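Asker: fold the following for me, if possible:
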Amino acid sequence: MPRTKKKPRIGITMGDPAGIGPEIILKALSQETIYRQAIPMVIGDGATLDRAKGYVGTGVPIRRVDSVGAVTGRFGDVEVLDLKNVDVEKCQPGVLSTEAGRAAVEYVSKAIDLATAAELDAVVTAPLNKEAIHRAGYPFAGHTEIFAERTASRNYSLMLVAGRLRVLHVSTHVSLREACDVVKKERVLQVIRLAHEVGGAWNLQRPRIAVAGLNPHAGEQGLFGREERDEIGPAVEAARAAGIDAVGPLPPDTLFVRASRGEFDFVVAMYHDQGHIAVKLRSFNRAVNVTVGLPIIRTSVDHGTAFDIAGKGTASPRSLLEAVRVAIRMARRQRSK
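Answerer: Next up is the predicted model:
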């Protein structure tokens, strides 16, 4: 069978063992539609998944494997590359711990290594807890920074996908004061280019890209700030000169309405909350996080570890299911190149 026809191999990291990752993974992998399109494999801890079966109320077998090649992709089993790095007695649901933070980073690191070696076609990540990984001695602000460092990526951006609303961010996990300082022509142009390049995953050869302003009313011709005139506008002009269909800077308070209606294919937001609030108002717990600009494919849920409901079996797998679907789409597109 030609490589382009094979089902993509998708690695799903378990996230923080004390969070909702284990249970939403079991719920998602109870859906046969995933197995029709891909070969999923969990990268995590087998004992933690066994425990989560009790929360979810499933009798699905947890099948341990020692390599990607041993994964069958058969519906009815949850196949896990078992790192055996959690003491379930010490790592209780909903309880912040150093051990859980360390384990979560180890799952991500293993998945990145496998994807870099082309053993996986894409990585989908369940949520980790930032305080837990900091306690474990890791300085990362989140998944995006882990992937960027381990793949030596410099030009990357976080993109949120909620149906036809796709939002890339000039900055994410920095203070608002720092985020304003990041709004420079070079960085804005970089993110516009990333939006143009990722359009191919949605079969958009010349996607329509809207660029948000930073200030109220996109600066009102310098009345409310000069970033639009000095940095964002010149970046849009440079992108258009390069043949990219970009417009802006546009007032953010109306831009997202227009994008939601289908007027644009991608939006470039200037900072974390500018993009995140718009997406989560539209599709809370259903949106997908994609890291654009990496040499490997990475998608993720758009929510956190939800310690308050961990272990109760009530967590929704909707965002994880969407993240797997987007990963499959991007992996197929990558193979067809």
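
Asker: this structure: strands as residue ranges?
Answerer: Secondary structure of the chain (DSSP state E): strands at 9-13, 39-44, 62-65, 78-82, 122-125, 157-162, 165-169, 209-212, 246-250, 266-269, 288-292, 298-301.

Asker: out of the ones you listed, nearest to Arg229?
Answerer: Shortest distance between Arg229 and the strands of the chain, using CB to CB, is found for strand 246-250: 8.9 Å. No exception for glycine: its C-beta is placed from N, CA and C like everyone else's.

Asker: can you list contacts of the closest one?
Answerer: Strand 246-250 is contacted from outside by 192, 196, 208-214, 218-219, 228, 232-233, 236, 239-240, 255, 258, 264, 268, using CB atoms under 8 Å, 6 or more residues apart in numbering.

Asker: for stretch 105-120, same thing?
Answerer: Here stretch 105-120 has contacts from 9-11, 13-15, 41, 43-44, 68-69, 81, 83, 85, 121-123, 125, 128, 133, 136, 138, 140, 143, 146-147, 150-151, 295-298, using CB under 8 Å, 6+ apart.

Asker: what's the mean pLDDT across that stretch?
Answerer: Average pLDDT, stretch 105-120: 97.

Asker: can you list the buried residues in it?
Answerer: Neighbour-count burial for stretch 105-120 flags Val105, Glu106, Tyr107, Val108, Ser109, Lys110, Ala111, Ile112, Leu114, Ala115, Glu119, Leu120 (criterion: 16 or more other CB atoms under 10 Å).

Asker: quick one on the thing from earlier: for the strands of the chain, which one sits closest to Glu322?
Answerer: Of these, nearest to Glu322 by CB to CB is strand 288-292, at 4.9 Å.

Asker: show me how far the closest one is from its chain's centre.
Answerer: The chain centre lies 4 Å from the centre of strand 288-292; the measure is CA atoms, centre = their mean, to the nearest Å.

Asker: pick out the most distant pair among the buried residues of stretch 105-120.
Answerer: Farthest pair in the buried residues of stretch 105-120 (CB to CB) is Val105 and Glu119. Separation: 19.5 Å.

Asker: how about low-confidence regions in this protein?
Answerer: Along the chain, segments meeting pLDDT under 70 span 1-5, 219, 337.

Asker: could you pull up phi and psi at Glu119?
Answerer: Dihedral pair for Glu119: phi -80, psi -20, per degrees, to the nearest 10.

Asker: do you know how far Ile112 is from Leu168?
Answerer: Computed with CB to CB, to the nearest Å, the distance linking Ile112 and Leu168 is 21 Å.

Asker: go ahead and confirm Ala278 touches Phe256.
Answerer: Yes: between Ala278 and Phe256 there is a contact under CB atoms under 8 Å: 4.1 Å.

Asker: overlap in contacts of the two?
Answerer: Leu165, Val267.

Asker: all helices for the chain, in order.
Answerer: 21-28, 32-37, 46-56, 98-116, 130-135, 143-150, 176-182, 185-198, 227, 233-241, 252-260, 272-283, 318-336 (DSSP state H).
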